[in-house]
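# Let's see this in three dimensions:
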Amino acid sequence: MAATETHNDIATEETNENSYFTGGAQYLKADFHLHTKSDKEFKTDIIDEQEFVEKYIHELKKKDIKLGAITNHNKFNREEFNLLREAAIKEDIFLLPGIELSMKDGKRGLHALIIFSPEDCENTEPNSSKIDVFLSIAFRAKPRFDSEGDPERCELDLDETIENLQELKCRYFIVLAHVDNNCGFFQELRGGRIMDYLKKGYFRNQILACQDAKENTKNTFLNNWVKNVAKDVGKAEKNYIPAFISASDPKKLDQVGNKYTYLKIGDYSFDAIRFSLVNHEIRVKDKTPEFNHPCITRLFIETGKLMSNIDIQLNSDMTNLIGIRGSGKSAFIEAIRYALEIDAKEDSEYKENLLKHAIGPGGKITLEVQNSTQKYRIERIVNERPKVYRDEEYKPDLLPSSIFRVVYYGQKDIQKQSMERGTQIELIDQFIGEELRAIKEKIHEKETEIKKILKNSGELNEQISKEENYKTQKAALEDKINTFEKMKIAEKLKKEANFRRDEVIFNQISSSLENSKKHILEFKNKITNEFSFINSMDSEENPKLFESVKNSVEELKTTWLKEIQNIEKAEEFSSVKIKQLKNEFTKEKNKVEDEIAKIKREIDITEVSPDDFGEHIQEIEEIKLKLSKIGKQKEEIIRVEKQKKILYSDLQNLWHKEWSIREQKKEEINSSQELVHIEIKYKQSKQSYDDFMISFFKGTRFKAEKLQKLTQIFTDNIELFYSLDDRERFHHVGFTDNEWTKFKERIFENEVDFCLFRVPDLIEIKYKEKSIQHLSLGQRASALLMLLLAQENIPVIMDQPEDDLDNQTVYEGLIKKIIELKGQRQIIFATHNPNIPVLGDCEKIVVFKNESDKAETEYGSIDRMQIQKKIVNIMEGGEEAFTRRKNIYNQWIV
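Below is the predicted model of the structure:
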């Protein structure tokens, strides 16, 4: 039909695209029922034509109306329309020509707005346009107005009107005017006639909208007439549902633009408006669309290389990057990834080389992003860290990942993830980033505690292991002293032995005092640091309450520090006193040294040396102290081992909490769609467990089969660790006593690495009730892609997501999901498949071209004719995609 053909409108529309639609398609206010002073019903005192035009356009501008149609009753004033249109273009307002035709249907006539393309108001024959010709046919010799100037009914009914418009090859669409008022469609026609028009297929082909339908009338239309016709004909109800819009139908200047509807368009053209009304489910809104999802708004690159001065605004819905290989599409995607400091995942070397070639060292990438409440600027110079700015102020402690998350997949990343089961858990994890980060931080803290206590345990066991050696040394020394006693020498050297014993005690006291001094200082520093945050503590909602809390904490801190100061003074006083006492002891010792020396000289025995007796006594006393300390350490090791068990249990609980978070997200995913079903199996990645065990026991000659049997028996290494003494269990697996002993020794030597290994959770993904492990590569990729698109509202950035997907999967899966996500999530795709931008109704398409190793870009929405031509010329299958676009939406997308 002529009404569905694609044409390009007048030049002024095309030249305005780049000035107004730099961000791509957007929602604009539209009023398609406008009257002017050429209509009798429109009252104004303004006589001067130019003054009227200026005030009329000012009124549209004041109401922020960007799209409109001049639809006077039974007439079209071309001169007035041209003046209005030219003035509107200067204010970025696009007006279409039209008429409000009074047809002969019904008792009072049926009013319909016939809105034409701009070319239909141009002369096709001397002093006559298609609109003029149509009005002549509609009224023939009959006057258009009565003696009072009120509109008369024409000679055509709705059927004949459409038939004549088709014969004239007009480009038009019909809006049924004020459908619930006099001369309105639902007032003038009854159910039988309405159902006849429905069956003839006018709705959504020629009749695109109903103006100002009441809710009860709308419900009757949809639930009775549309439902019955759809059932009789055997088509989906949506094929018969027009857009329901509001329009001002002004009778004076200040009513212009008072009622309106929002249309999403990406070009000031008749085709863009018509397409929006045909596909009203995805392009028409009755209220201001609210976009709260995070999005990247701009990418700017400063470099002398391929991506020289790329400066692109991105659409909050979908932006597609197209162009031949090597034109800069992938470099654009990788620039976003690099600026956000996202891991390259697969093919990291290729991606880094691509950045080096396209941007190079010293090149600078600037991203402007926004979430629901805040705008940020992220800057990153190649080979330097990214910098985050908020409100133009550099925030050194902010990381891109902490303020802005995205889903990123480069070329072939999805394909590789679909093949590697171990990495598929990331599909869930990237959607629970904050919760997962929090639990992983707790896991890390618990691991640090365990490492600390294992170090303490190791040090204690090392000291305890010296006990037998000390006992042996003590026994040997006691035997030597016994020799002195048998030879009646010990009694003579008793005084020296006593002084030696006392000296050991003084040395131990001095060492203990020094250690206690260090512990007091450490505790003082902990108290000071622990409460340092209170200086910056405040509350906007409870300032007085928080001031009291702050004062209370300060008082407590002051009390503690004062007590510590008292302890420090007492310790210092005691240290000085003990030092003085030790000095007195030394003086006493020095006094008896001559006496002891004389006694030693008088001892005339060659078998032993009198000098050794005192040293042996001192050594024994030191060993006694060490053995006493080991006794305490044995008590401590019992406490430490108990604490270690508690910490291992805490760690296992945290692992389970991590799984629970994934499990909760899994439930959300499964309940939000039906194509993909997920299971998260706790600690069931047995392949990863096997790999760890084989690596851990490398060089021990343990057979892999025995280790794999253990991974089937035990859920993790902590459980295995506390079963090491169960010899029968290991015999059952096939271990000999010698192997069992070596197995335990290897674990005890590396307990930290062994017990802290987390057996990964295993994700089981089913696509259409089949495990993806049993599907083709394309079906696997499709399942993962649907999963990625089904969750969260963070931007999705992908390089060639269609890889490995057949066209049917692209239509039935990817495109439908893209349409479903309109207004909910930003999508940025580099693609070679024309069906994605064309059938995905892409809001902004950036065409890349490599000219002398410099990327050149052209952009616009899918509505823009020049962009459509680029798609046909560049992308294989582009023409077929546009052919499909003409008919496909009201069949299976909307």
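
# helices or strands next to the host helix or strand of Lys886 in the packing?
Under the criterion of DSSP states H and E, Lys886 resides in helix 878-888. Applying 3 or more CB pairs under 8 Å, 6 or more residues apart in numbering; DSSP states H and E, one finds that helix 878-888 contacts helix 835-839, helix 865-874. All C-beta spots, glycine's among them, are computed from the backbone N, C-alpha and C.

# what's the most buried one of the ones you listed?
When you average the neighbours per residue for each of the helices and strands packed on helix 878-888 (mean count of other CB atoms under 10 Å), helix 835-839 leads with a mean of 25.

# Show the subsequent helix or strand relative to that helix.
Counting by DSSP H and E, what follows helix 835-839 is strand 844-851.

# List of residues touching stretch 85-96?
For stretch 85-96, contacts defined as CB atoms under 8 Å, 6 or more residues apart in numbering pick out 12-13, 16, 19-20, 32, 53-54, 57, 60-61, 65-70, 81, 84, 115-118, 268, 270, 273.

# Model confidence for the nearest residue to Leu654 once chain neighbours are set aside, exactly?
Nearest non-adjacent residue to Leu654, counting by CB to CB, 6 or more residues apart in numbering: Ile443, 4.9 Å away. Reading off the confidence values, Ile443 has pLDDT 96.

# and if you look at Tyr811?
So, for Tyr811, pLDDT stands at 78.

# Look up how far Leu321 lies from it.
21 Å (CB to CB, to the nearest Å).

# cool, and Ile481?
With CB to CB as the criterion, Ile481 and Leu321 are 91 Å apart.

# and Tyr811 and Leu321? which has more neighbours close in?
Leu321 (26 against 17; other CB atoms under 10 Å).

# Who does that one form a beta bridge with?
Per DSSP bridges, the residues bridged to Leu321 are Ala830, Val846.

# for the stretch 101-250 of the chain, what spans make up the helices?
130-139, 158-167, 185-188, 191-199, 215-220, 227-233 (DSSP state H, counting those that start in this stretch).

# Contact partners for the residue nearest to Arg758 when sequence neighbours are not counted?
Leaving aside its sequence neighbours, Arg758 sits nearest to Trp655 (CB to CB, 6+ apart; 5.9 Å). Going by CB under 8 Å, 6+ apart, Trp655 touches 443, 683, 716, 758.

# taking those residues one by one, which sit in helices?
Ile443 (DSSP state H).

# Check the contacts of Trp655 and tell me the two furthest apart.
Greatest spatial distance among those (CB to CB): Ile443 and Lys683, at 14.0 Å.

# In strands only, show me the contacts of stretch 85-96.
Taking DSSP state E, the ones among the contacts of stretch 85-96 that sit in strands are 32, 65-70, 115-116.

# Need these in a markdown table (columns: pLDDT).
Output for the ones in strands among the contacts of stretch 85-96, formatted as a markdown table (pLDDT from 0 to 100):
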| residue | pLDDT |
| --- | --- |
| Phe32 | 98 |
| Ile65 | 98 |
| Lys66 | 98 |
| Leu67 | 98 |
| Gly68 | 98 |
| Ala69 | 98 |
| Ile70 | 98 |
| Ile115 | 98 |
| Phe116 | 98 |
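
# correct me, but the residue nearest to Leu654 touches Gln652?
No. Using CB atoms under 8 Å, Ile443 is not in contact with Gln652; the gap is 10.5 Å.

# For the host helix or strand of Ala335, name the packing helices and strands.
Using DSSP H and E, Ala335 maps to helix 329-339. Counting contacts by 3+ CB pairs under 8 Å, 6+ apart, helix 329-339 is packed against strand 295-302, strand 318-322, helix 348-358, strand 364-370, strand 375-381, strand 796-799, strand 827-830, strand 844-851.

# Not counting its neighbours along the chain, what's nearest Phe848?
Phe848 sits nearest to Gly323 (CB to CB, 6+ apart), 3.3 Å away.

# typed the wrong thing, it's Leu28
Using CB to CB, 6+ apart, the nearest residue to Leu28 is Lys66, at 3.8 Å.

# Ok, Tyr338 next?
Leu355 (5.8 Å).

# who touches that neighbour in this structure?
331, 334-335, 338, 382.

# show me where pLDDT drops low in the chain?
Scanning the chain for pLDDT under 70 picks out the ranges 1-19, 483-493, 495-497, 591, 594-596, 598-611, 613, 887-894.

# Show me how the record splits it into domains.
2-285, 295-422+770-893, 437-642, 686-759 (automatic domain parsing).

# Tell me which of those sits nearest to Ser660.
domain 437-642 (9.2 Å).

# in the stretch 451-600 of the chain, which spans are strands?
For the stretch 451-600 of the chain, applying DSSP state E, counting those that start in this stretch gives no strands.

# what's the answer for the stretch 601-750 of the chain, then?
Under DSSP E, counting those that start in this stretch, the stretch 601-750 of the chain gives strands at 676-681.

# returning to what we had before: now the residue nearest to Arg758: how far from Cys755?
Trp655 is 12 Å from Cys755, by CB to CB.

# And Ala141, by the same measure?
100 Å.

# Just want to check the distance between the residue nearest to Arg758 and Ser685.
Trp655 is 12 Å from Ser685, by CB to CB.

# now do Gln618
Relative to Ser685, and taking CB to CB, Gln618 is found at 60 Å.

# mind checking the SS state of Lys29?
strand (DSSP: H, G, I helix; E, B strand; the rest coil).

# ok, now which ones touch the nearest residue to Gln374 once chain neighbours are set aside?
Distance criterion CB to CB, 6+ apart; nearest residue to Gln374, sequence neighbours excluded, is Arg390 at 6.6 Å. The neighbours of Arg390, taking CB under 8 Å, 6+ apart as the test, are 374-376, 398.

# Name only those of those residues that count as buried.
376, 398 (16 or more other CB atoms under 10 Å).

# A strand includes Tyr388, no?
Quick fix: residue 388 is Val, not Tyr. Yes. Under three-state DSSP, Val388 falls within a strand.

# just checking, it touches Arg380?
No. Look at Val388 against Arg380 with CB under 8 Å: they stay out of range, at 9.8 Å.

# circling back to that earlier point, give me the contact list for the helix holding Ala335.
296, 299, 301, 306-307, 310, 312, 321-323, 344, 351, 354-355, 357-359, 365-367, 378-380, 382, 386, 400, 406, 408, 410-411, 797-799, 828, 830, 846, 848, 855.

# how about 7 Å then?
Contact with helix 329-339 is made by 296, 299, 301, 306-307, 321, 323, 344, 351, 354-355, 358-359, 365, 367, 378, 380, 386, 408, 410-411, 797, 799, 830, 848, as judged by CB atoms under 7 Å, 6 or more residues apart in numbering.

# now that helix, how far from the centre of its chain.
Centre-to-centre, helix 329-339 and its host chain are 17 Å apart (CA atoms, centre = their mean, to the nearest Å).
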